[in-house]
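Student: this one's structure only:
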């Protein structure tokens, strides 16, 4: 079989489409985590933020009948959690890890409860029709890249556009320089007239918007339904992905695609019956992440003030 | 050159500035002013209130009383931004630079002028070049700050202040981070800036620098301004007296050393660093009981590595380390610091904050090395009362100025921190002391205390290896001076043989 034959084979195309579908939510959460970490806040709360994005996205879409309203609802839910995180970690200078974990545990309960309160606990799972794939003219026929990038639902295109935008913001814009300053040397940032607290709060809200979008993607684009704890650790994986991507949007895209590819591969492997117990296949993306992370260990430099609360050196009276 | 004579308003003038922290008065009704084109040195011991006063000027502290006038206008400085907007630029002791950004990015953070959303780094670079041209302050706008040397980073700080419109430049102990050969160039820059009209406040406790650089000098002691006069009308002796409030001469070795037996010895030591660069080659030396062996040399010629080999922190690639013990000399080459401590070695490391002290209480730091021994602990259970007693003794004997043994050590001044380090190292009557830059960053009073302690140990019969780049210190204390160059011992001079010329020649690699 020639190479083009393999590449246009429905199995291959399905695999490539699934790769992106599985990669995007993690990529969005990792991008959100990147903004927080570049500003020096360790956002462990990605998992809970994502879960609430998934739930509120679904609930709003279901109630309003509009997927796009749902998307906005999911993002706003994420932003609210970002504000809560900011209140505790920035304003009250609480321990960032503890607050993040508390958010994660809390949101599992909140979303499951709210889901039952809204939809009851019957056997008929409520559904919305997810975003249909849109084939971009001409581009979708490109081998590999076509199914990977140009035969996807509308949210995928939104997510992919966010990569270059984020890159420009963090590397080319003055606000990106300010974020770096706040994450590396908050005292210096203050002497230069930048409010560390304001920048960190802003970054946590942006983090919440992006991560909420990632969650909404799960319920509104990937599945069309909401399940208890449906993020299943993707928020934590996003923390590894953003490290793997060196807190750079393009790196995050590549790392998320790698993970998505491994995930799509193992899903297909389960159906092929290749004699490997499926539990091992399920492990594959995680093992791959760990192995690649080991290779990267020590090569990624954390922002110097990452995880450290900043006490403003107020002029004393 | 001074402002008072012409019609222009004084760039900076403080009157009656008082700052209190609780009961402690850091600045007591201080008057201070600096004129256009003037370099005004602010002199004082550690803890005299120099930095506090300048934090007021930089908008980092609001004084309880007193007024600040900038260019004749009453200024109410509530934040660093207020101060910067009025043209005050502060170069902190610890640089306020972001190492992962370029020079151009660093200087224009938060500046609308560089572009509201997208900073025009090329335009910034052009401006930096222009500033560099004008004042002889060359910096590469595109270099990453983290890749620059400390001296270059300091230049970036000054350029940053100028770029941001500083007309009043406050430098907090700027020479503390510079090598001696870098200081001259740095002073040239400051003089150029002053000639161009910048008002400069130069904080220091080094008398020679103040004498050679400043037009005017003000001395702070215990938060009070004790003198302010033109530099030409004073001299180092008077300034020293004003700083410490009494006459003080640094103690000197009396030259009556009668060295006893060998206490520590290295034979043909060789060491290569992780990049396989030879740092020590064939170094042999011995220190005997009752003598101070000074190790002189330009920084970076292997003294640091030699000290670490002696202390047991660095394993040499070749050669032997011997220490005296009751049963005769033992080979300690493969022994770590713990074993050497029990053989009587004490180490006063160079960087007390990084390698000598832990961010805990004074008491906990005082017992760090010996907490596993009686009476501080029994069978692994520590005795709080014994530790407290030990710490109280150390504080009393070394005159550590603190609120008590529970005070956190990092809140002490540098001199008092070093007293704790010294008390810990010398309190158990060591037979060998390896002291590396023991007075770096200390004021005159604290330096004299350290010197007295070392001489007392020598009189008691300890062998002392003193590594210092301060030639005065080496000359004053050492019985023998070993000069290192490029990782080798280039020569040894006895006290009688030493002249500055011979020492200088040897330090630049010319064998005596």
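Tutor: Structure's in. What do you need? Nothing here was measured: the structure is a model prediction, and the numbers come from that model.
Student: near chain A, which residues of the stretch 1-150 of chain B show up?
Tutor: Proximity of the stretch 1-150 of chain B to chain A, by C-beta under 8 Å from any C-beta of the partner chain, involves residues B:58-62, B:64, B:77-81, B:84, B:90, B:92, B:95-101, B:105, B:108-110, B:114-119. (Each C-beta comes from the backbone N, C-alpha and C, glycine too.)
Student: which of the residues you listed are buried?
Tutor: Applying 16 or more other C-beta atoms under 10 Å in any protein chain shown to the residues of the stretch 1-150 of chain B next to chain A, the neighbour count classes B:58-62, B:77, B:79-81, B:84, B:90, B:92, B:95-101, B:105, B:108-110, B:114, B:119 as buried.
Student: The stretch 251-400 of chain B: strands as residue ranges?
Tutor: Assigned by DSSP state E, counting those that start in this stretch, the strands in the stretch 251-400 of chain B fall at B:262-272, B:278-288, B:292-296, B:318-323, B:330-331, B:345-348, B:377-378, B:381-382.
Student: Low-confidence stretches in the chain?
Tutor: Going with chain A. Along chain A, segments meeting pLDDT under 70 span A:1, A:297-299, A:312-317.
Student: Actually, chain B is the one I wanted.
Tutor: Residues of chain B meeting the criterion pLDDT under 70: B:1-7, B:46-47, B:179-181, B:245-258, B:275, B:353, B:510-512.
Student: how about 50 then?
Tutor: By pLDDT under 50, the weakly predicted segments of chain B are B:1-5.
Student: Now go through the buried ones among the residues of the stretch 1-150 of chain B next to chain A and say which are in strands.
Tutor: Among those, DSSP state E puts residue B:90 in strands.
Student: what's the neighbour count on residue 75?
Tutor: With no chain named, the answer covers chain A. Other residues near residue A:75 come to 22 when the count uses other C-beta atoms under 10 Å in any protein chain shown.
Student: looking at chain B here, not the other one
Tutor: Neighbour count for residue B:75, taken as other C-beta under 10 Å: 21.
Student: so residue A:242 makes contact with residue A:28?
Tutor: No: here residue A:242 does not reach residue A:28: they are 10.9 Å apart, not a contact under C-beta atoms under 8 Å.
Student: mind listing the helices for the stretch 201-350 of chain B?
Tutor: Here the stretch 201-350 of chain B has its helices, by DSSP state H, counting those that start in this stretch, at B:207-213, B:236-244, B:303-311, B:337-342.
Student: Check which helices and strands the second one is in contact with.
Tutor: In other words, helix B:236-244. Using 3 or more C-beta pairs under 8 Å, 6 or more residues apart in numbering or on different chains; DSSP states H and E as the contact test, the elements touching helix B:236-244 are strand B:39-44, helix B:207-213, strand B:216-221, helix B:444-460.
Student: what comes up buried for the last one?
Tutor: Neighbour-count burial for helix B:444-460, with 16+ other C-beta under 10 Å as criterion, is recorded at B:444-451, B:453-455, B:457-458.
Student: quick one on the thing from earlier: could I get the helices and strands packed on helix B:236-244 as JSON lines with distance to residue B:187?
Tutor: Formatted as JSON lines, these follow (distance: least, C-beta to C-beta, whole Å):
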{"stretch": "strand B:39-44", "distance to residue B:187": "9"}
{"stretch": "helix B:207-213", "distance to residue B:187": "5"}
{"stretch": "strand B:216-221", "distance to residue B:187": "15"}
{"stretch": "helix B:444-460", "distance to residue B:187": "21"}
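Student: measure the nearest residue to residue A:33 once chain neighbours are set aside to residue B:350 for me?
Tutor: With C-beta to C-beta, 6 or more residues apart in numbering or on different chains as the criterion, residue A:33 has its nearest non-adjacent residue at 4.7 Å, and that residue is residue A:242. Counting by C-beta to C-beta, to the nearest Å, the gap from residue A:242 to residue B:350 is 38 Å.
Student: So which of those two has more stuff around it?
Tutor: A direct count of neighbours by other C-beta under 10 Å for residue A:242 and residue B:350 places residue A:242 higher, at 31 against 19.
Student: So which elements touch the helix or strand hosting the more buried one?
Tutor: Using DSSP states H and E, residue A:242 falls within helix A:234-244. Judged by 3+ C-beta pairs under 8 Å, 6+ apart, helix A:234-244 is in contact with helix A:10-38, helix A:46-64, helix A:196-217, helix A:249-272, helix A:278-296.
Student: Assumed residue A:121 was part of a strand.
Tutor: No: counting by DSSP: H, G, I helix; E, B strand; the rest coil, residue A:121 is not found in a strand; it is coil.
Student: quick one: contacts for the residue of the stretch 101-250 of chain A found nearest chain B?
Tutor: Residue of the stretch 101-250 of chain A nearest chain B, by C-beta to the nearest C-beta: residue A:188 (3.6 Å). Residues near residue A:188 by C-beta atoms under 8 Å, 6 or more residues apart in numbering or on different chains: A:181, B:95-98.
Student: Output these as a markdown table; include the columns distance to residue B:263.
Tutor: Listed next are these as a markdown table, based on distance: C-beta to C-beta, whole Å:
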| residue | distance to residue B:263 |
| --- | --- |
| A:181 | 51 |
| B:95 | 41 |
| B:96 | 46 |
| B:97 | 45 |
| B:98 | 48 |
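Student: Taking these together, which two end up most distant?
Tutor: Spanning the widest gap among these are A:181 and B:95, at 12.9 Å by C-beta to C-beta.
Student: got the contact list for the residue nearest to residue A:203 when sequence neighbours are not counted?
Tutor: Spatially, and ignoring its direct neighbours in sequence, residue A:203 is nearest to residue A:39 (3.9 Å; C-beta to C-beta, 6+ apart). Taking C-beta under 8 Å, 6+ apart, we find residue A:39 in contact with A:179, A:182-183, A:199-200, A:202-204, A:303.
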